[in-house]
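Colleague: Have a look; sequence and predicted model below, questions after that.
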There are 14 protein chains.
Amino acid sequence: MIALAAGLCIAIATIGPALGQGNAAAKAMESIARQPEAAGEIRTALILSLAFMEALTIYGLLIAFLLLGKIG
Amino acid sequence: MIALAAGLCIAIATIGPALGQGNAAAKAMESIARQPEAAGEIRTALILSLAFMEALTIYGLLIAFLLLGKIG
Amino acid sequence: MIALAAGLCIAIATIGPALGQGNAAAKAMESIARQPEAAGEIRTALILSLAFMEALTIYGLLIAFLLLGKIG
Amino acid sequence: MIALAAGLCIAIATIGPALGQGNAAAKAMESIARQPEAAGEIRTALILSLAFMEALTIYGLLIAFLLLGKIG
Amino acid sequence: MIALAAGLCIAIATIGPALGQGNAAAKAMESIARQPEAAGEIRTALILSLAFMEALTIYGLLIAFLLLGKIG
Amino acid sequence: MIALAAGLCIAIATIGPALGQGNAAAKAMESIARQPEAAGEIRTALILSLAFMEALTIYGLLIAFLLLGKIG
Amino acid sequence: MIALAAGLCIAIATIGPALGQGNAAAKAMESIARQPEAAGEIRTALILSLAFMEALTIYGLLIAFLLLGKIG
Amino acid sequence: MIALAAGLCIAIATIGPALGQGNAAAKAMESIARQPEAAGEIRTALILSLAFMEALTIYGLLIAFLLLGKIG
Amino acid sequence: MIALAAGLCIAIATIGPALGQGNAAAKAMESIARQPEAAGEIRTALILSLAFMEALTIYGLLIAFLLLGKIG
Amino acid sequence: MIALAAGLCIAIATIGPALGQGNAAAKAMESIARQPEAAGEIRTALILSLAFMEALTIYGLLIAFLLLGKIG
Amino acid sequence: MIALAAGLCIAIATIGPALGQGNAAAKAMESIARQPEAAGEIRTALILSLAFMEALTIYGLLIAFLLLGKIG
Amino acid sequence: MIALAAGLCIAIATIGPALGQGNAAAKAMESIARQPEAAGEIRTALILSLAFMEALTIYGLLIAFLLLGKIG
Amino acid sequence: MIALAAGLCIAIATIGPALGQGNAAAKAMESIARQPEAAGEIRTALILSLAFMEALTIYGLLIAFLLLGKIG
Amino acid sequence: MIALAAGLCIAIATIGPALGQGNAAAKAMESIARQPEAAGEIRTALILSLAFMEALTIYGLLIAFLLLGKIG
C-alpha cells in the first residue's frame, strides 16, 4: 500500500508542473520570436517560473522518499 | 491508508497550482514582449501571484507532513 | 479513513482556487500590458480577487485541521 | 464515513466557485483595461458576483461544520 | 451513508451554478465595458440570472438539510 | 441508499441547467450590449429559456422529494 | 437500488438537454441581436428546438415515475 | 439490477442527442439570421436532423420499456 | 447482468452518432446559408452522412435486441 | 459477463467512428459550400473516409457477434 | 474475463484511429477545396495516413482474435 | 487477468498514436495545400513522424504478444 | 497482477509522447510550409524533440520488460 | 502490488512531460519559422525547457527503480 502511495505520489506530482512548464516555455519562445530585444527579460522570467514549478514536484519527490523509507 | 492519504495529498495539491502558475507565467512573458517598458509592473504582479499559488501547495505539504508524523 | 478525508480535503480544495487565481493573474498582467496607466485599478482588483479565492482554500484547510485533530 | 463526507463536501464545494470567480475576475480586469472610465460600474458588478459565488461555498462550509459536529 | 449523501449533495450542487454565474458575470462586465450606457439594462439581466442560478443551489441546500435532519 | 439517491439526484440535476442558464445569460447580456434597442425581444427570449431550463431541475427536485418521503 | 436508479435516471437525463437548450438559446439571442427583423423566424425555430429537447427529459421523467411506482 | 439498467439506459441515451440537437439548432438559428431568405431550406434541414437524432433516444426508450416489462 | 449490458449497449451507442450527426447537421445548415445555390449538393451529402451514422446505432440496437432475447 | 462484453464492445466501438464521421462530413459540406466546383473530388474523398471509419465499427460488430455465439 | 478483454480490446482500439482518421479526412477535404489543383498530392497523403491508422486497429483486432481463440 | 492485461495493453496503446498521427496528417495536408511546392519536404517530415508514432504502438504490441505467450 | 502492471505500464506510457509528437510534428510541417527556407533549422529541432519524447516511452518499455522478467 | 505501483509510476510520470515537451517544441518550431534570425536564442530556451521537463520523468523513473528493487 505504501509502495502504491509512493509511486502514485511522484507520478501524479509530475503531471501538473510539466504541463505548466510546457505552457510557460511555449509562450516564452513565442515571445522571444516576437520581441527578440526583450529576450533577457523573458529568459529571467522563464527561469523564475520554471524553478517555482520544479519546486512543486520536488515536494512530491520528498514525500515519496519519506514513504519509501517506511517500507523497508 | 495514512500513507496513501499523504501521497495523494501532496500529489493532487500540486496539479492546480502548477497549471495556474504556468498560465500566469505564460501570459506574463507574453505581456513583457508586448509592452517591454511595463516589465517592472508585470514582474511584481507575477511574483505576487506565484507566491499566492505556491502557498496553496504549501498547505497541502503541511497536511502531508502531519499525516506522515502519524504513521511512524 | 479520517486521514484520507483530511488529505483529500486540502488537496482537492487546492485545485479550483489555483486555476482561478492563475486565470485571474494571467488576465491582470495582460491588462497591465495593454493599459499601463490603469495598473493601480487593476492591481487592487487583482488582490481583491486573489484574497476571495485564497479564502476558499483556507476553509478547506480549516476543515482538514479539525479532521486531523480527531485522529490522534 | 462522516469525516470523509465533511472533507469532500468542503473540498468539492470549493472547485466551482473558485473557477467561476477566477473567470469573472479575469474578465473584470480585462474590462477595466479596455474602458478605464467604467471602472466603478465594473467593480460593483464584480463584488456583487464574487459575493454570490462566495455564498455557494459558505453553504458547503455550513454543511461540513454540521457534519463535523456529528462525529465527536 | 446519509451524511455522505448530504455532503456530496450540497458540494456537487455548487459546481454548476458557480460556473454558470462566473460565466454570466464575466460576460456582463465585458458588456458594460463595451456599452457603458446600457449598464442599467445589463445589471438587471445579470441579477435576474444570478438569482435563477442561486435558486438551483438552494434546492440542493434544502435537500441537504432534510437529509441532515434524518441522521440525528 | 435512498438518501444517497435523493442527494445525488438533486445535485446532479443542478449541473446541466446551471451551465445552460449561465451560457444563455452570458450571450443575452452580450447581445443587449451589441443591440440595445432589441433588449425587449432578447429579455423575453432569455426568460423563456431560463424557465425551460429551470423546469428541468424542478423535475429532479420533484423526484428527490418523492424519494425523501420513502425514507421516513 | 430502484431508488438509486430513479434518482440517477432523472438527474442524468437533465444534463444533456439543459446544455443543448442553453446552447440553442444563447445562439438564438445572439441571432436576434444581429438580425432583429428575423426575430419571428428565429423565435419559432427556438421554441421548436426547446420542445424537442424538453421531450428528451420528459422520457427520463416518465421512466423515473414508473420506477418509483415499483418501490412502494 | 434491471431497474438500474432501465434508468441508466434512458438517461444516458438522452445526453448525446440533446447535445447534438442543441448544436444543430444553434447553428440553424445563426444561419437564418445570416441568410433570412434561405430560412425555408434551413428549416427543413433542421427538422430532418432533429428527427434523426430524436430517433436515437426513441431506441433507448424502447429498450428501457422492454426492460421495465421484465421487472414486474 | 444481461439487462445491464443491453441497457448500456444501446445507451452508449447513442452518444457518438448523435454528436456526430449534430455536428454534421450544424455545418450543413451553415453551408446552405453561405452558399444557397449548392443546397442540393449539400443535402445529399448530409443525408448520406446521417445514414452512415444512424447505421452505427442500429448495430448497437441489434445487439441489444439479441441480448434481450437471452434474458427471458 | 460475456453479454456485458458484447454489449460494451459494440457500444464503445460506435463512439469513435461516429465522431470521426461527423467531423469529416461536417468539413466536407463546408468545403462543398466554399468550392462547389470541387464537389466531385470531395465526395469521393468523403465516401472513402466514411468507408474506412465504418470498417472500424464493423470489426467491433464482428467480435460482438462471435461473443454472442459463445453465450447460448 | 477473457471475453471482456477481447470485447474491450477491439472497442477501445477503435476510438483513437477513428478520431484520427476523421481529423485527417476533414482537413484533407478542406485542403482540396482550398487548392483543388493539389488534389492528387493530398489524396496520396490521405490514403497513406488512413492506412497507417487503420493498421493500429488491425493490431487490436489481431489480439482480440487470439484472445477469442483461447475461450473455446 | 493476463488476457485482460494484453487486451487493454494494445487497445490503450492505440489511442495516443492514432490521435497524434491524425493531427500530424491533418496539418501535413493543410500545409501541402498552402505551399504545394514544399510538398516533398513535408512528405518526408510526415513519414518520419508517422514512423516514430507507429513505433510507440509496436512497443505495446510487443508486450501484448509476450503476455499472450504466458497464458497458454 | 504483474502482467496487468506491465501491460498498463507500456500502454499508458504511449499516450503522452504520441500526443506530444503529433503536436510537434504538426507544427513542424506547418512551419516548413510557412518558411520553406528554414526547413533545415526546423527539421533538426523536430528530430531533437521527437527523440526526447521517444525516450520517455523507452523508460516505460524498460520497466515493462523488467516486470515481465519477474512473471516467469 | 509493488509491481503495479512501479508500472503506473513510470507510465503516469510520462504523460505530463510528454505533453509539455510537445507543446514547447511545437511553439519553438513555429517561432523559428516566424523569426529565423532568433533561432539560436530559441534553441537554447527550448533545450533548457526540455531538460527541466525530462527531469520530472527521471524522478518518476528513479522511484520506479527503487520500487522494483523491493520486489525481488
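Modeller: Cool, the structure landed.

Colleague: How about the residue nearest the centre of chain A, nearest residue that isn't a chain neighbour?
Modeller: Centroid-nearest residue in chain A: A:Glu54, 3.2 Å away (criterion: Cα atoms, centre = their mean). Among residues not flanking A:Glu54 along the chain, N:Phe52 sits closest, at 6.3 Å (Cβ to Cβ, 6 or more residues apart in numbering or on different chains). C-beta here means a position set from N, CA and C on the backbone, and glycine is covered the same way.

Colleague: In chain A, which residue sits closest to chain G?
Modeller: Nearest to chain G, among the residues of chain A, is A:Leu19, at 26.4 Å (Cβ to the nearest Cβ).

Colleague: I'd like the next helix or strand past the helix or strand that that residue is a member of.
Modeller: Using DSSP states H and E, A:Leu19 sits within helix A:2-34. Per DSSP H and E, the first helix or strand lying C-terminal to helix A:2-34 is helix A:39-69.

Colleague: In contact with the closest residue to chain I within chain A: list those residues for me.
Modeller: Residue nearest to chain I within chain A: A:Leu19 (26.4 Å; Cβ to the nearest Cβ). Each residue near A:Leu19 by Cβ atoms under 8 Å, 6 or more residues apart in numbering or on different chains is listed here: B:18-19, B:22, N:16, N:19-20, N:23.

Colleague: so where's chain A shaky on pLDDT?
Modeller: For chain A, applying pLDDT under 70 flags the ranges A:72.

Colleague: rerun that using 90 as the cut-off
Modeller: A:1-13, A:16, A:28-57, A:60, A:62-72 (pLDDT under 90).

Colleague: Mind telling me which residue of it is nearest chain N?
Modeller: For chain A, Cβ to the nearest Cβ, closest residue to chain N: A:Gly22, 2.5 Å.

Colleague: so that residue makes contact with N:Ala24?
Modeller: Yes - under the criterion of Cβ atoms under 8 Å, A:Gly22 makes contact with N:Ala24 at 4.9 Å.

Colleague: Please enumerate the shared neighbours of the two.
Modeller: Common neighbours of A:Gly22 and N:Ala24 (criterion: Cβ under 8 Å, 6+ apart): N:49, N:53.

Colleague: The single nearest residue of chain A relative to chain D: how many residues sit nearby?
Modeller: Going by Cβ to the nearest Cβ, chain D is nearest to A:Gly16 of chain A, at 15.1 Å. Neighbourhood size, A:Gly16 [other Cβ atoms under 10 Å in any protein chain shown]: 30.

Colleague: can you pull the contacts of it?
Modeller: If you count contacts by Cβ under 8 Å, 6+ apart, then A:Gly16 has A:56, B:14-19, N:16 around it.

Colleague: Over to A:Leu4?
Modeller: Taking Cβ under 8 Å, 6+ apart, one finds B:4, N:1-2, N:4-5, N:8 in contact with A:Leu4.

Colleague: same question, A:Thr14
Modeller: A:Thr14 sits next to A:57, A:60, N:12-13, N:16-17, N:56-57, N:59-60 when contact means Cβ under 8 Å, 6+ apart.

Colleague: swap the cut-off to 6 Å and go again
Modeller: A:57, N:13, N:16, N:56, N:60 (Cβ atoms under 6 Å, 6 or more residues apart in numbering or on different chains).

Colleague: can you check A:Ala13 too?
Modeller: A:57, A:60, B:11, B:14 are the contacts of A:Ala13 under Cβ under 6 Å, 6+ apart.

Colleague: That one and A:Ala6, how far apart?
Modeller: Counting by Cβ to Cβ, to the nearest Å, the gap from A:Ala13 to A:Ala6 is 11 Å.

Colleague: can you check A:Tyr59 too?
Modeller: 14 Å.

Colleague: between those two, which one's more packed in?
Modeller: More neighbours surround A:Ala6 than the other of A:Tyr59 and A:Ala6, with 33 against 20 (other Cβ under 10 Å).

Colleague: circling back to that earlier point, I'd like the contacts of A:Leu4 laid out as TSV, including distance to J:Leu68.
Modeller: TSV is the format used below for the contacts of A:Leu4 (distance: Cβ to Cβ, whole Å):
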residue	distance to J:Leu68
B:Leu4	41
N:Met1	36
N:Ile2	39
N:Leu4	33
N:Ala5	38
N:Leu8	34
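
Colleague: Look up how far L:Ile12 lies from the closest residue to chain H within chain A.
Modeller: Proximity of chain A to chain H (Cβ to the nearest Cβ) peaks at A:Leu19, 27.1 Å away. The gap separating A:Leu19 from L:Ile12 is 20 Å, by Cβ to Cβ.

Colleague: likewise A:Gln35?
Modeller: The gap separating A:Gln35 from L:Ile12 is 42 Å, by Cβ to Cβ.

Colleague: Looking only at neighbour counts, state which of these two leads.
Modeller: The residue with more neighbours, out of A:Gln35 and L:Ile12, is L:Ile12; 26 against 20, by other Cβ under 10 Å.

Colleague: Please list all residues in contact with that one.
Modeller: M:Ala11.

Colleague: What number of residues are in the vicinity of the nearest residue to A:Ser31 once chain neighbours are set aside?
Modeller: Spatially, and ignoring its direct neighbours in sequence, A:Ser31 is nearest to B:Ala33 (3.5 Å; Cβ to Cβ, 6+ apart). Counted with other Cβ under 10 Å, residues neighbouring B:Ala33 total 24.

Colleague: List the contacts of B:Ala33.
Modeller: A:31, A:34-35, A:38.

Colleague: let's see it at 10 Å
Modeller: The contact partners of B:Ala33, taken as Cβ atoms under 10 Å, 6 or more residues apart in numbering or on different chains, are A:27-28, A:30-39, A:41-42, B:39, C:33.

Colleague: same deal with A:Ala55?
Modeller: Counting by Cβ under 10 Å, 6+ apart, A:Ala55 has contacts A:17, B:14, B:18, B:21, B:54, B:57.

Colleague: from those residues, which single one is nearest C:Leu68?
Modeller: B:Thr57 (17.8 Å; Cβ to Cβ).

Colleague: can you count the residues close to the closest one?
Modeller: 27.

Colleague: Could I get the contacting residues of it?
Modeller: Contacts of B:Thr57 (Cβ under 10 Å, 6+ apart): A:13, A:16, A:52, A:55-56, A:59-60, B:10, B:13-18, B:21, C:11, C:14, C:18.

Colleague: Also A:Ile63?
Modeller: A:5-6, A:9-10, A:13, B:3, B:6-11, B:60-61, B:64-65, B:67-68.

Colleague: can you do 6 Å?
Modeller: A:9, B:10, B:64.
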